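what would the 3D arrangement of this be:
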Amino acid sequence: MTAAANPPRDLARLLCANPFFASLGEEVVAALAGLCVTRSLEAGRTLFCQGDPGDALYAVRRGQVRIVAGTGDGRTTTLNLLGPGDVFGEVALLDGQPRTATAVAAEPTELFAILRRDLLGLIERRPGVAVHLIAVLCARIRWLSRRAEEAAFLSLEERLIRRLAGLREDYGCEIIASQEALARFVGASRESVNRQLQVWKREGLVALGRGRITILDADALTRRAKTGG
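Okay, here's the model as predicted:
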């Protein structure tokens with residue numbers, strides 16, 4: 001990591017546009033931008049591993065980061081896909097405990113980072129930052145609870161519909177993700193996901209390419225997501 005001598009204007013715009021920072025105000029955003037250091041990763045490079053010390057919060061400037069967790073039998077499952085403007089690592093940053101998941105660059109990626117020691121110093125000076133972080137953590141807990149409910153009660157088709165709908169909201173109708181990654185994301189086998197995607201392809205809902213899925217009928221998928229498939 002290398003410290004930025006002068007916080008770039010595009011970093012301030014990134015922070016202001018992100019819900020994590022939007023309500024903090026320009027003065028606090030400027031202070032946060034002053035804390036940031038930068039990091040560049042090649043595709044496939046690991047940013048941190050499950051169990052590593054939680055010493056930094058990250059914001060994606062360009063590229064995509066995949067958050068994965070290991071299972072007891074040696075497999076991995078994808079918990080989230082993060083793109084430009086997304087912020088992650090806040091839980092470990094605040095409690096100092098080991099990382100609960102691994103972060104891997106899915107493509108060439110540029111990141112901004114805020115080190116734990118620097119952020120804690122800012123929180124001591126500006127308690128309002130801590131209040132906002134608490135709200136963000138509560139939202140994250142709700143998101144994890146929904147994921148757990150999906151795994152327990154929804155079919156593969158329903159999980160896949162909801163995940164594609166969510167990815168479309170973040171990245172548009174052309175989703176750059178392999179079927180294997182998508183399978184890990186919904187907790188299923190690649191073969192099962194491929195069978196379901198082939199059904200939707202025949203129905204004209206999606207088009208399939210190497211490493212990408214194009215949603216052709218977003219309204220139909222949205223309706224299925226709302227009705228549970």
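
where does the residue of the chain positioned farthest from its centre land on pLDDT?
Centroid-distance maximum for the chain: R202 at 30.3 Å, with CA atoms, centre = their mean. On the pLDDT scale, R202 is placed at 90.

now swap in F48 and tell me
Confidence at F48, expressed as pLDDT, is 94.

so it touches A105, yeah?
No. The criterion here is CB atoms under 8 Å, and F48 misses it with A105 at 11.3 Å. All C-beta spots, glycine's among them, are computed from the backbone N, C-alpha and C.

more crowded one of the two?
Neighbours were counted for F48 and for A105 using other CB atoms under 10 Å; A105 has more, 22 against 19.

which phi and psi does that one have?
A105 adopts backbone torsions of phi -70, psi 120, taken as degrees, to the nearest 10.

just the one 3 residues further on next, same as before
Backbone dihedrals for P108, given as degrees, to the nearest 10, come out at phi -50, psi 130.

wait, what's in contact with the residue nearest the centre of the chain?
Nearest to the mean C-alpha position of the chain, counting by CA atoms, centre = their mean, stands L82 at 3.1 Å. Neighbouring residues of L82 by CB atoms under 8 Å, 6 or more residues apart in numbering: V60, Q64, V65, R66, I67, F88.

need the residues you listed in CSV with distance to G172 and pLDDT, can you?
Shown next, in CSV, are these (distance: CB to CB, whole Å; pLDDT from 0 to 100):
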residue, distance to G172, pLDDT
V60, 16, 90
Q64, 13, 92
V65, 18, 94
R66, 18, 91
I67, 20, 90
F88, 21, 85
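
partner residues bridging the residue nearest to the centre of the chain?
V65 (DSSP bridges).

list the buried residues for stretch 48-61?
Judged by neighbour count (16 or more other CB atoms under 10 Å), stretch 48-61 contains these buried residues: F48, G54, A56, L57, Y58, A59, V60, R61.

whoops, I mixed them up, stretch 97-111
For stretch 97-111, burial by neighbour count (16+ other CB under 10 Å) applies to R99, A101, T102, A103, V104, A105, A106, T109, L111.

what is the end-to-end distance of that stretch?
22 Å (CA to CA, to the nearest Å).

and that stretch, what's its mean pLDDT?
Stretch 97-111 comes out at a mean pLDDT of 91.

now the contacts of L82 in CSV, with distance to V186?
As requested, those are exported to CSV (distance: CB to CB, whole Å):
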residue, distance to V186
V60, 22
Q64, 18
V65, 18
R66, 14
I67, 14
F88, 20
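
out of those, which are buried?
V60, Q64, V65, R66, I67, F88.

closest to L41 among these?
Within those, proximity to L41 (CB to CB) peaks at V65, which comes in at 8.1 Å.

from P53, how far out is that closest one?
18 Å (CB to CB, to the nearest Å).

domain ranges for the protein?
Structural domains annotated on the chain: 11-149, 154-225, as defined by the TED database.

which SS state does the nearest residue to S40 once chain neighbours are set aside fall under?
Leaving aside its sequence neighbours, S40 sits nearest to E110 (CB to CB, 6 or more residues apart in numbering; 5.4 Å). When classified by DSSP: H, G, I helix; E, B strand; the rest coil, E110 comes out as strand.
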